[in-house]
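Asker: need coordinates for the following:
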Amino acid sequence: MDKIKEKFSLICDTRHQSYVEHKLSDILVITMCAVLCGIDSLSGIISYAEKIAEIITGIMKESIEDTGNVVAVDGKAIQSTAEKGKPHSTLQVLTAYYTEGIHDK
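Answerer: Residues are numbered from 1 along each chain as shown. Alright, predicted model coming up:
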């Protein structure tokens with residue numbers, strides 16, 4: 001999957017960056033998977049993406065034994081690591097913290 005995403009990242013994303021919520025390569029990978037599953041409408045692709053998100057969220061929730069605990073996630077792009085001419089080559093750092101939930105006393 002990394003090679004496919006790498007190929008998709010070569011496609012120029014012409015969207016205004018202030019409106020970008022998801023990487024173009026991620027959108028293309030999800031769309032490709034949906035089409036391979038026989039989905040051929042925009043609404044179907046959106047439903048497919050939402051179901052995938054629910055599954056991933058469910059997997060993350062199952063990994064937490066106590067529902068009072070939280071996994072806090074923070075992502076950062078280190079801009080100074082970008083290669084010239086390759087805007088998506090920045091080093092990405094993802095940090096996850098397993099925290100205990102606040103319990104009533």
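
Asker: which stretches of the protein have low pLDDT?
Answerer: Applying pLDDT under 70 to the chain flags residues 1, 64-69, 87-88, 100-105.

Asker: where along it do the helices fall?
Answerer: Secondary structure of the chain (DSSP state H): helices at 2-8, 24-36, 42-62.

Asker: and of the ones you listed, who's closest to Lys86?
Answerer: helix 2-8 (11.5 Å; C-beta to C-beta). Heads up, the C-betas are built off the backbone N, CA and C, glycines and all.

Asker: buried sites along that closest one?
Answerer: Phe8 (16 or more other C-beta atoms under 10 Å).

Asker: circling back to that earlier point, point out the most buried one among the helices of the chain.
Answerer: Most buried of the helices of the chain, by mean neighbour count (mean count of other C-beta atoms under 10 Å): helix 24-36, with a mean of 15.

Asker: what does that one contact?
Answerer: 1, 4-5, 8-9, 11, 13, 15, 44-45, 48-49, 52, 88 (C-beta atoms under 8 Å, 6 or more residues apart in numbering).

Asker: biggest separation within those residues, which pair?
Answerer: Gly44 and His88 (27.8 Å).

Asker: rewinding a little: looking at the contacts of helix 24-36, which is nearest Val71?
Answerer: Of the contacts of helix 24-36, the one sitting nearest to Val71 (C-beta to C-beta) turns out to be Ile52, at 18.8 Å.

Asker: who's in contact with the closest one?
Answerer: 30, 33.

Asker: tell me how far it lies from Ile59.
Answerer: 11 Å (C-beta to C-beta, to the nearest Å).

Asker: alright, that wraps it up for me.
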